[in-house]
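Trainee: take this sequence and fold it.
(chains A and B)
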2 protein chains.
Amino acid sequence: MPFRPIRPQGRTLSRADCERLDSEDSLAKYRALFDLPANLIYLDGNSLGAKPKATSTRVAHLLEREWGDGLVRSWNEAGWADAPRRVGDMIARFLGALEGEVIVADNTSVNLYKALMAALRYQGRRGVVLTDAGNFPTDLYMAEAVARQFGTGGVRRVPREALLDSLADDVSVLTVTQVDYKTAHMFDLADITAVARARGILVVWDLCHSAGAVPIDLSSSEVDLAVGCTYKFLNGGPGAPAFLYASHRILSHLSNPLPGWFGHERPFEFRQDYVPAHGVERFQSGTPGILGLTALETALGIWLSVDMNEIRRKSVALTELLIEIVETRFASLGIRLGSPRDPAVRGSHVALTHPQGYEISRALAERGVVIDSRPPDLMRFGITPLYTRWVDIYDAAEQLAGILESESYQHPKFRIRLGVP
Amino acid sequence: MPFRPIRPQGRTLSRADCERLDSEDSLAKYRALFDLPANLIYLDGNSLGAKPKATSTRVAHLLEREWGDGLVRSWNEAGWADAPRRVGDMIARFLGALEGEVIVADNTSVNLYKALMAALRYQGRRGVVLTDAGNFPTDLYMAEAVARQFGTGGVRRVPREALLDSLADDVSVLTVTQVDYKTAHMFDLADITAVARARGILVVWDLCHSAGAVPIDLSSSEVDLAVGCTYKFLNGGPGAPAFLYASHRILSHLSNPLPGWFGHERPFEFRQDYVPAHGVERFQSGTPGILGLTALETALGIWLSVDMNEIRRKSVALTELLIEIVETRFASLGIRLGSPRDPAVRGSHVALTHPQGYEISRALAERGVVIDSRPPDLMRFGITPLYTRWVDIYDAAEQLAGILESESYQHPKFRIRLGVP
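Mentor: Next up, the predicted model:
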């Protein structure tokens, strides 16, 4: 998608410009659907998305009526047993997948294990698992675990920029995160998938920083396997269950390395021998967590009405705005862009680097701007177009400038380490 | 624990006797802590436990204050990141384990996979995985999966009554459910563990139908590895997260086959190489589901004040009452006891068998008595002493007698199959 800068006569936007752009924003109406604390600029929805207002009422209903009154009967009567597939189909709709290709289950780490092991078994040969050396830690750990367990040629870690050139003949499976959790660098799903397939390599995509962040069309991109997270851009709630996508083209040939009773063809017949469910339900293992699924289903109700192209347009515009302010106003203050300059290969957050990135992020928090930091020197400013406003970016940049100019981040209190995910 | 029958002059109890026993019951006060529908006799708390009243308020607080206001900061400030260990320590307290031996994570199926694989790796040799042929399906499926993946001598399934005699030299790991999900037959943890250890066999216990049902002392029983469920007797909610126990004696030698970022020694440093957490935290994989953990923590707040010997005393008395009524009043109506007659080897539910057990369970539901059935002919009457009353058993038995005597279960409407877990 081409980027169209929104700048009056080439100058950087003023706060008044931002207010005007907010008033004209076709997505502005969505912000009212979320609970957001007053006087807080929240730019960490790429780590934990904001809470939809509707979630409280829906979860209270689950607790009081479905669990409290319905008790065990609600597995049928309230549709609990079908929730993993039903919510999966909602995710499928806005990721451009088909019905029956997505299941909601477990967390991303466990789903990565399932997808990677399924991919290796599908390939059959003992090749290398190729991955991005800077992939998210859990992706690296799981790649090592499956390679060891499957007895492949091990894991080959290469720099992200060398991935495409590393699709060698001895590679069996490539696993890569579409949007990098640090830099926000974005791969094209269709391109990589096509190049890999031409060489007989199966790709397991991690969509944690893509789902709800950038337009995705799994079908037209001919993706085979993917996993992703729902507590970031999708607003499912802290530790919300993850999803696993398997293309209908290969699904019936894939096996779940964690075969639990909920993935059985007939779970409620309690059979002693495992027969996988016909569809993507086979990628379930144990009993699904209904509280998490219900909160997620509520949040997805918002997403199904959203035009992902609108999301992308605003996301690009806001990341550009932040980058432009940094470049024009305080590039001299030791801050550098850690994300691609080209929005075409950038997801929905902006990474800025500074040797004291951690301290600066804590100084921002004290001023009511929530971002996060990643070792050693990265600050992430997440753009969640459903509730991030133009003025939020403008004001956050102002606060950042103030902190940098005054060097207030040098105060010892900002050095105390907190373990924020 | 010896069973003391509570029968006036050897006769079966009357309803008035039951009312008196309820009024004298030291556990009766707990019933008021749960939401239970009026006019419903709930004898399926062994499948899904009732909802604690406190859960609604606590989860609403989580949603509104911790997520809504606190947002990502609550991983630290509301203690989310520590919840798996903190809630695990609560479970440890009432299972007689030490602090740091229990983690709450994932579901039972996934934890079984972790524990079984860890056990096989610990053993090092390629022996047989021994299990009860009638074990819960997920336990059987996972045993097969790990045996295949580890390349052992496969899985040996023997009848439950033959398990102890099957602890042969070629067995590496025994996995067994302490209280059988169908019959409620109960093994002694210490006995089996000791016999197995003497033969070099490691035991992975499944405590799904034990935790909150019968007194457990993992330390004095010298149990090495166990998993269990929290949505049955413990009232954690539908699909509540499961637990994994690993003895401090061997914990540092155990590895998690699903090594995710939350089980890393320093998850928030996002390191590229996996180093397992020092303690039981290593058995975490991905990001924990905070909604489920919070509901569980609320329920455990009740359990920590409960004397498990009182629970057991009442559980035995109520199962005995039900069995006595069946034996004395309508044994001639085609119903048979599917549980051990000796309460010393019986858990906290009563299995009755009848060729039309499914239809009878549905006829009971129509009369306001919720039990469940298991193929082909089993009906399970669950006793949850925190909220099951003497009169509930008496009244349920009356309803059962009425259905059997009138053969009302023959009505075609009761034949429609529902997939109740």
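
Trainee: my guess is A:Y42 contacts A:L48, does it?
Mentor: No. Counting by Cβ atoms under 8 Å, A:Y42 sits too far from A:L48 to count as a contact (9.4 Å). Using the backbone N, CA and C atoms, a C-beta is placed for each residue, glycine as well.

Trainee: which residues do these two both contact?
Mentor: B:L71 (Cβ atoms under 8 Å, 6 or more residues apart in numbering or on different chains).

Trainee: pretty sure A:T183 is in a strand, no?
Mentor: No. Using DSSP: H, G, I helix; E, B strand; the rest coil, the assignment for A:T183 is coil, not a strand.

Trainee: neighbour count winner among A:Y42 and A:L48?
Mentor: The neighbour comparison of A:Y42 against A:L48 (other Cβ atoms under 10 Å in any protein chain shown) goes to A:L48, with 31 against 23.

Trainee: wait, the more buried one touches A:T230, no?
Mentor: No. Counting by Cβ under 8 Å, A:L48 stays clear of A:T230, with 11.0 Å between them.

Trainee: excluding residues flanking it in the chain, which one is nearest A:N46?
Mentor: For A:N46, ignoring the flanking residues on the chain, the nearest one in space by Cβ to Cβ, 6 or more residues apart in numbering or on different chains is A:G382 at 3.2 Å.

Trainee: which ones are touching the one you found?
Mentor: Here A:G382 is in contact with A:L43, A:D44, A:G45, A:N46, A:S47, A:S348, A:H349, A:I371, A:D372, A:T388 (criterion: Cβ under 8 Å, 6+ apart).

Trainee: sec struct for the residue lying closest to the last one once chain neighbours are set aside, please.
Mentor: Taking Cβ to Cβ, 6+ apart as the measure, A:T388 lies nearest to A:L318, with 6.2 Å between them; neighbours along the chain are not counted. Counting by three-state DSSP, the backbone at A:L318 sits in helix.

Trainee: kindly report the same for A:Y122.
Mentor: At A:Y122 the chain is in helix, as set by three-state DSSP.

Trainee: number of nearby residues for it?
Mentor: Using other Cβ under 10 Å as the criterion, A:Y122 is surrounded by 17 other residues.

Trainee: so it makes contact with A:H253?
Mentor: Yes. A:Y122 is within contact range of A:H253, at 5.8 Å (criterion: Cβ under 8 Å).

Trainee: excluding sequence neighbours, find me the nearest residue to A:D139.
Mentor: Leaving aside its chain neighbours, A:D139 sits nearest to A:D206 (5.7 Å; criterion: Cβ to Cβ, 6+ apart).

Trainee: okay, that neighbour and A:T108: tell me how far apart.
Mentor: 7 Å (Cβ to Cβ, to the nearest Å).

Trainee: spit out the residues that contact those two alike.
Mentor: Common neighbours of A:D206 and A:T108 (Cβ under 8 Å, 6+ apart) are A:V227, A:G228.

Trainee: tell me what the residue nearest to A:N46 is bridged to.
Mentor: Residues in a beta bridge with A:G382, per DSSP bridges, are A:H349.

Trainee: send the alpha carbons of the host helix or strand of A:L174 over as PDB?
Mentor: Per DSSP states H and E, A:L174 falls inside strand A:171-177. Only the C-alpha atoms of strand A:171-177 are listed here, as PDB (Å, rounded to 0.1, in the frame of the first residue of the first chain):
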ATOM      1  CA  VAL A 171      16.100 -26.300   4.900                       C
ATOM      2  CA  SER A 172      13.000 -28.200   5.800                       C
ATOM      3  CA  VAL A 173      11.000 -25.500   7.700                       C
ATOM      4  CA  LEU A 174      11.300 -21.800   8.000                       C
ATOM      5  CA  THR A 175       9.800 -20.100  11.000                       C
ATOM      6  CA  VAL A 176       9.700 -16.300  11.100                       C
ATOM      7  CA  THR A 177       7.700 -13.500  12.700                       C
END
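
Trainee: which residues make contact with it from outside it?
Mentor: In contact with strand A:171-177 (Cβ under 8 Å, 6+ apart) are residues A:112, A:116, A:119-120, A:123, A:125-132, A:135-136, A:139, A:143, A:152-153, A:156, A:160, A:163, A:167, A:187, A:192, A:196, A:199, A:201-209.

Trainee: partner strands of that strand and their direction?
Mentor: strand A:128-132 (parallel), strand A:202-206 (parallel).

Trainee: flag the shaky bits of chain A, pLDDT-wise.
Mentor: For chain A, applying pLDDT under 70 flags the ranges A:1-10, A:418-421.

Trainee: what does the stretch 251-400 of chain A have sitting close to chain B?
Mentor: Within the stretch 251-400 of chain A, the positions lying close to chain B (Cβ under 8 Å from any Cβ of the partner chain) are A:257-262, A:264, A:267-274, A:285-293, A:295, A:365, A:370, A:372, A:374-375.

Trainee: how does it look with 7 Å?
Mentor: Within the stretch 251-400 of chain A, the residues that sit near chain B (Cβ under 7 Å from any Cβ of the partner chain) are A:257-261, A:264, A:268-272, A:274, A:285-292, A:295, A:370, A:372, A:374-375.

Trainee: show me which of the residues you listed are buried.
Mentor: Burial by neighbour count, 16 or more other Cβ atoms under 10 Å in any protein chain shown: within these this picks out A:257-261, A:264, A:268, A:270-271, A:274, A:285-292, A:295, A:370, A:372, A:374.
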